[in-house]
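K.L.:
Sequence below, structure please.
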Amino acid sequence: MTAAVGVDVGGTFTDVVLVADGTLTTTKVPSTADQSEGVVRGIEQACEQAGIDPSEITEFSHAMTVSTNALLEGDGAETALVTTEGFRDVLEIGRQTRPDLYDLDAEKPTPLVQRRNRFEIPERTTTDGVRTRPDPEAIDDLIERLRKREVESVVVSFLHAYVDPSNEQAVAERLREELDASVSASHEVLNEFREYERTSTAAVDAYVTPAIDSYIGRLEERAADLGLPQPRIMQSNGGIAEASEIRRHAVQTVLSGPAAGVVGASSTASTGEENDFEGFVTFDMGGTSSDVSLVRDGSVERTTDNEIDGYPIRVPMVDVTTVGAGGG
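P.N.:
Now for the predicted structure:
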């Protein structure tokens, strides 16, 4: 028997689609506080309706909104930023552009890292390479300060690390050895110039990674108990990745659920018998957010220049506009 299951978790409902020997079965169950419980419950119901055992499933794909909800609800990890001396406020300052050019009271989003959790370290890399290596004693002092703060995640983002990441690597490796916390290095997340966008993307990764890592860990355990294969995760770009990769860099899932909806809509339209339109708009309202995207000439629009709730995220993703205005 050939059987595959796809699961999409939203803020209100968890949807399951099971294909077994060419027969399609769908199930909708309420999402749970621990989303892995709802996922397993939905798969069990789908298998019961299809008359198969979960252990007969050979492929398990999963889209979710864990990262999206953490950003929109401000419910991510307690995060610290380690950056080059003098650049503590890069997340606060951002860029000169304002959300509304002529609004003198326009507000920027609250930085994901509180100022008290932003730390500077003497080091310097220029566009020509490393000039100053970080002082080992400064790193030791940094580790003690981070321990006292009991942060769950740390982002390391140094000036011009995209040219030579060796300073970032040295500090990130020490932090991973000494701290019981997730560590995101900017050159591993987005190895490109523009300090604000690179730091912001890495900060988002650090902010959501602990929640994603914990969630996928629980899901893998529940899947194993049912005899299911390990889940493969929908990325923001509409592709599928192994769970182990996603657990290292969760920023790839910030539009996992919304991307699945757009890709599904595009596939449905392209396989229809009558398709005489050049493009269409997709609208996906869930319990937490509303997501809008455009499919042009049968192709999903993708971008590496996007924002979610005002936070720049420069990783490949389906071009979805997301607002925290759900109503599902």
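K.L.:
And the longest helix along the chain, what's buried?
P.N.:
Across the chain, the longest stretch assigned as helix under DSSP state H is helix 195-226. For helix 195-226, burial by neighbour count (16 or more other C-beta atoms under 10 Å) applies to 195, 197-213, 215-216, 218-220, 222-223. Quick note: C-beta positions are derived from backbone N, CA and C, even for glycine.
K.L.:
How about stretch 172-185?
P.N.:
For stretch 172-185, by 16+ other C-beta under 10 Å, it's 172, 174, 175, 179, 181, 182, 183, 184, 185.
K.L.:
Same check on stretch 51-59?
P.N.:
For stretch 51-59, the neighbour count (16+ other C-beta under 10 Å) marks 52, 54, 57 as buried.
K.L.:
I'd like the buried residues of stretch 172-185 written out as a markdown table, with secondary structure, pLDDT and distance to residue 85 added.
P.N.:
Formatted as a markdown table, those follow (DSSP: H, G, I helix; E, B strand; the rest coil; pLDDT from 0 to 100; distance: C-beta to C-beta, whole Å):
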| residue | secondary structure | pLDDT | distance to residue 85 |
| --- | --- | --- | --- |
| 172 | helix | 97 | 17 |
| 174 | helix | 97 | 17 |
| 175 | helix | 97 | 17 |
| 179 | coil | 96 | 21 |
| 181 | coil | 95 | 22 |
| 182 | strand | 95 | 24 |
| 183 | strand | 97 | 19 |
| 184 | strand | 97 | 20 |
| 185 | strand | 97 | 18 |
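K.L.:
want to throw those residues into CSV with distance to residue 251?
P.N.:
Shown next, in CSV, are these (distance: C-beta to C-beta, whole Å):
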residue, distance to residue 251
172, 16
174, 22
175, 18
179, 20
181, 17
182, 12
183, 14
184, 8
185, 12
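K.L.:
Between those residues, which sits nearest residue 244?
P.N.:
residue 182 (14.5 Å; C-beta to C-beta).
K.L.:
what's around the nearest residue to the closest one once chain neighbours are set aside, how many residues?
P.N.:
Closest residue to residue 182 apart from its sequence neighbours, by C-beta to C-beta, 6 or more residues apart in numbering: residue 153 at 4.3 Å. By the criterion of other C-beta atoms under 10 Å, residue 153 has 25 neighbours.
K.L.:
thought residue 153 was touching residue 79?
P.N.:
Yes: the pair formed by residue 153 and residue 79 meets the contact definition of C-beta atoms under 8 Å, at 4.7 Å.
K.L.:
Tell me the residues that contact both of these two, please.
P.N.:
206, 207 (C-beta atoms under 8 Å, 6 or more residues apart in numbering).
K.L.:
what residue ranges in the stretch 1-150 of the chain score low on pLDDT?
P.N.:
1, 98-99 (pLDDT under 70).
K.L.:
ok so, going back, of the buried residues of stretch 172-185, just say which sits nearest to residue 100.
P.N.:
residue 184 (31.0 Å).
K.L.:
How about the contacts made by the closest one?
P.N.:
Taking C-beta under 8 Å, 6+ apart, one finds 153, 154, 155, 156, 202, 203, 205, 206, 209, 249 in contact with residue 184.
K.L.:
next one: residue 132
P.N.:
122, 123, 124 are the contacts of residue 132 under C-beta under 8 Å, 6+ apart.
K.L.:
cutoff 10 Å now
P.N.:
Contacts for residue 132 (C-beta atoms under 10 Å, 6 or more residues apart in numbering) come out as 84, 85, 122, 123, 124, 125, 126, 167.
K.L.:
With residue 191 instead?
P.N.:
Per C-beta under 10 Å, 6+ apart, neighbours of residue 191: 161, 162, 163, 165, 185, 198.
K.L.:
Can you give me the first-to-last residue distance of stretch 228-239?
P.N.:
21 Å (C-alpha to C-alpha, to the nearest Å).
K.L.:
Off-centre distance for that stretch?
P.N.:
12 Å (C-alpha atoms, centre = their mean, to the nearest Å).
K.L.:
Quick check: buried residues in that stretch?
P.N.:
228, 231, 232, 233, 234, 235, 236, 237, 238.
K.L.:
I'd say residue 53 and residue 43 touch.
P.N.:
No: look at residue 53 against residue 43 with C-beta atoms under 10 Å: they stay out of range, at 11.1 Å.
K.L.:
nearest to residue 146, of the contacts of residue 191?
P.N.:
Distances from residue 146 to those, taken by C-beta to C-beta, are shortest for residue 185, at 14.8 Å.
K.L.:
ok, the closest one touching residue 168?
P.N.:
Yes: using C-beta under 10 Å, residue 185 makes contact with residue 168 at a distance of 5.0 Å.
K.L.:
re earlier: which of the buried residues of stretch 172-185 lies closest to residue 303?
P.N.:
Closest to residue 303, out of all of these and judged by C-beta to C-beta, is residue 184, at 21.6 Å.
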